[in-house]
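Trainee: sequence first, then the predicted structure:
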Protein chains: 2
Amino acid sequence: MERDKVKVVIWGFGAMGSGMAKMILSKKGFDIVGVCDLYDKIVGKSIFDHLNVENPYNHDVVISNDIDSILNNNQVDIVLLATDSYTASAFPKLKKIIEHGVNVISTAEEMSYPKANQPKLSEELDILAKQHGVTVLGTGVNPGMMMDLLAICIGGVVEDIKEFEISRINSLSPFGKTVMEEQGVGLTLKEFTERQAKNEIAGHVGFKESAYMIAEALGLEVVEFKQDMKPIVTEFDRKSPHGFAKAGDVCGVEMSAYAILDNGIKIKLYHPQQIEPEMAGVSTGDYIKILGKPEINLSNSPEVEGGIGTIAICVNMIPHVINAKPGLVTMIDLPVPRSIMGDVRNLIRKD
Amino acid sequence: MERDKVKVVIWGFGAMGSGMAKMILSKKGFDIVGVCDLYDKIVGKSIFDHLNVENPYNHDVVISNDIDSILNNNQVDIVLLATDSYTASAFPKLKKIIEHGVNVISTAEEMSYPKANQPKLSEELDILAKQHGVTVLGTGVNPGMMMDLLAICIGGVVEDIKEFEISRINSLSPFGKTVMEEQGVGLTLKEFTERQAKNEIAGHVGFKESAYMIAEALGLEVVEFKQDMKPIVTEFDRKSPHGFAKAGDVCGVEMSAYAILDNGIKIKLYHPQQIEPEMAGVSTGDYIKILGKPEINLSNSPEVEGGIGTIAICVNMIPHVINAKPGLVTMIDLPVPRSIMGDVRNLIRKD
């Protein structure tokens, strides 16, 4: 193998970042050259101790809170940035990485199609990336695959589309405390309404990104977009490892959206998330219906779990991002995603 | 709109070619500048009379049997070649198109991943295409999407894969006489066995291509490949518009294959095709199971109909092929497929 190993830095070492590290350590041809996180309880620790895995390298990787020193002192092919949900908050970090001349994949939901909510920042990122000869991609399981890219892809065998009806019905049970808080799990209805009014319930971030990505893929524009968020109230007590909702309280969030494109195509998005959906007879899954010629009825049940799915797609897109032309790109600009199962260097183009 | 319309020639005006013409005529930004077919009953006819649709252009399109004159006398962006199943038989036609300096999409099943069965011809095509600055792609609903590309794409959210189990259970009832003959519908078991021994039952062409495409996508190689073909015998009379099988006779073909990749991953492919499957309680559909982390259970039921699906994917890939770098490419080299719903010129890159 002529090419050097693919040198990765992970910025943000929570559930996503540390999951990516574990996945990368299980693959051939990668080298994690640095990890950055600000959480002082883990700074200074070896990632191998932290992850409780053997160190396969001939060097240690110590968690640092100084990204500049990581990027100055290493040759880096790509940074996986797992710190934010919004383009605006990820922006200064993205800028820093780009200015170091390094490619980057961001987990920020808005970054999966940043033009939808941040057209100016997107333009800035694109110009910066081109100036520095690097590629910037945002991706994740959703937005990034289950409610957009997969529908776009199967649409390739469709002659004529009238409507997309895309649902992702998932369980919040595998998630930790932060997600419980962001989704309002355990709140009374009154508390939920108050927090929602103050914009303190995140719900799902990504509908607008999914709708705009689909529109661009089809060669169309979004002329109308609306989304809605409602609490899911449980009729009985529900308990998950990190969440609890009493009967009558909130056990999750029901999100829905619709978009109309300039030729009248409708995109309907539906994404209820709750702890212990099975208790209420809700079977989870990813569903893509396309009304058109032919009709499509794609389903994947149970759903692709959010955590694993996002970890996998971020790592799996590394070769595509390294191979891509410089600039800000989205999932529809790059070749079809795939799982890296051989040496990652087999997937890096020589030219 | 600055760019000229996308100028298309269709070579082969059977069910596929004429279906593509109809689809193209329903889209914005295309111009069909020529159609070639050798069948003397349609040569000399206007395609608009033949298709029984209104002519939206300010020029007629008359079916010609002289591809050279079509390619010499028109500026052409792409040829849709819908004449063959095998790379070897499509090769002289592909060569001619390439030497005219024109991009081409082939419906030949083997061309979806021609290296699998024709590595030398593939190399020749690649060199020729690069010399003439054009792009060559083979695609279709299967191989091309349902048993390969879709599995590759959803694999993007998978961390680790042990096995692919991919089935396409479809009905042959919509198909015409040629397909009935190729699949042995209506033969006695004895006749089927005799014809199979003489290689006169085509069955499904494409398993090897699908397996090799999946392997390359994952960064692996195929170390073992086997496929099998069995008749499906009906227990009762079955009748479809163009086929008939008596009780005890053959109503279709059951194809299966498996491949082993160099890290031990198995790919199992199963594709039974028969007329009137519902009569035997067989529900049709496309199924992709990935044993791995996470497990994937994708299904689309009923199946994407072969005819429409192939017509759609060939037309929908036109912008990607025009945008691509010169050479022989496969579906895994190009951006995610998508349905052209706006003006096709919106999907052609300016650079």
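Mentor: That came through fine.
Trainee: now A:Arg338: how far from chain B?
Mentor: 4 Å (CB to the nearest CB, to the nearest Å). (Glycine included, C-beta is placed from N, CA and C.)
Trainee: ok, now A:Arg349?
Mentor: Taking CB to the nearest CB as the measure, A:Arg349 falls 10 Å from chain B.
Trainee: my guess is that residue meets A:Asn323, correct?
Mentor: Yes - counting by CB atoms under 8 Å, A:Arg349 does reach A:Asn323; the two are 4.7 Å apart.
Trainee: so which of those two has more stuff around it?
Mentor: More crowded of A:Arg349 and A:Asn323, by other CB atoms under 10 Å in any protein chain shown: A:Asn323, with 15 against 10.
Trainee: for the more buried one, grab phi and psi.
Mentor: Note on A:Asn323: backbone dihedrals following degrees, to the nearest 10 are phi -70, psi -20.
Trainee: which residue ranges make up each domain of chain A?
Mentor: Domain assignment for chain A, taken from automatic domain parsing, gives A:6-139+A:308-347, A:149-303.
Trainee: next up, the contacts around A:Val61.
Mentor: Applying CB atoms under 8 Å, 6 or more residues apart in numbering or on different chains to A:Val61 gives the contacts A:Ile32, A:Val33, A:Gly34, A:Val35, A:Ser46, A:Ile47, A:Phe48, A:Asn55.
Trainee: reformat those residues as a markdown table; add secondary structure and neighbour count.
Mentor: Listed next are the contacts of A:Val61 as a markdown table, based on DSSP: H, G, I helix; E, B strand; the rest coil; neighbours: other CB atoms under 10 Å in any protein chain shown:
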| residue | secondary structure | neighbour count |
| --- | --- | --- |
| A:Ile32 | strand | 22 |
| A:Val33 | strand | 21 |
| A:Gly34 | strand | 23 |
| A:Val35 | strand | 28 |
| A:Ser46 | strand | 13 |
| A:Ile47 | helix | 24 |
| A:Phe48 | helix | 18 |
| A:Asn55 | coil | 14 |
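Trainee: pLDDT and distance to A:Leu269 for the residues you listed - can I get that in TSV?
Mentor: Output for these, formatted as TSV (pLDDT from 0 to 100; distance: CB to CB, whole Å):
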residue	pLDDT	distance to A:Leu269
A:Ile32	98	35
A:Val33	97	39
A:Gly34	98	37
A:Val35	98	35
A:Ser46	98	42
A:Ile47	98	37
A:Phe48	98	41
A:Asn55	96	43
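Trainee: looking at these, spot the one nearest chain B.
Mentor: A:Ile32 (15.8 Å; CB to the nearest CB).
Trainee: quick check, the closest one in contact with A:Ala21.
Mentor: Yes - between A:Ile32 and A:Ala21 there is a contact under CB under 8 Å: 6.1 Å.
Trainee: shared neighbours, those two?
Mentor: In contact with both A:Ile32 and A:Ala21: A:Ile10, A:Ile47, using CB under 8 Å, 6+ apart.
Trainee: before we move on, back to that, I'd like the domains of chain A as JSON lines, with distance to B:Ser167 appended.
Mentor: Below are the domains of chain A laid out as JSON lines (distance: least, CB to CB, whole Å):
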{"stretch": "domain A:6-139+A:308-347", "distance to B:Ser167": "20"}
{"stretch": "domain A:149-303", "distance to B:Ser167": "15"}
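Trainee: from the contacts of A:Val61, which is closest to A:Ile313?
Mentor: Using CB to CB, A:Ile32 is the member of the contacts of A:Val61 that lies nearest A:Ile313, at 18.1 Å.
Trainee: hey, what's that closest one bridged with?
Mentor: Note on A:Ile32: beta-bridge partners by DSSP bridges are A:Val8.
Trainee: can you check A:Ser46 too?
Mentor: A:Ser46 has these beta-bridge partners by DSSP bridges: A:Val62.
Trainee: how about the contacts made by whichever residue of the stretch 51-200 of chain A sits closest to chain B?
Mentor: Distances between the stretch 51-200 of chain A and chain B by CB to the nearest CB are smallest at A:Gly156, namely 2.6 Å. The neighbourhood of A:Gly156, defined by CB under 8 Å, 6+ apart, consists of B:Met145, B:Ala312, B:Ile313, B:Asn316, B:Met317, B:Val336, B:Pro337, B:Arg338, B:Ser339.
Trainee: make it 10 Å
Mentor: Counting by CB atoms under 10 Å, 6 or more residues apart in numbering or on different chains, A:Gly156 touches A:217, A:336, B:139, B:141, B:144-145, B:149-150, B:153, B:309, B:312-313, B:315-317, B:320, B:331, B:336-340.
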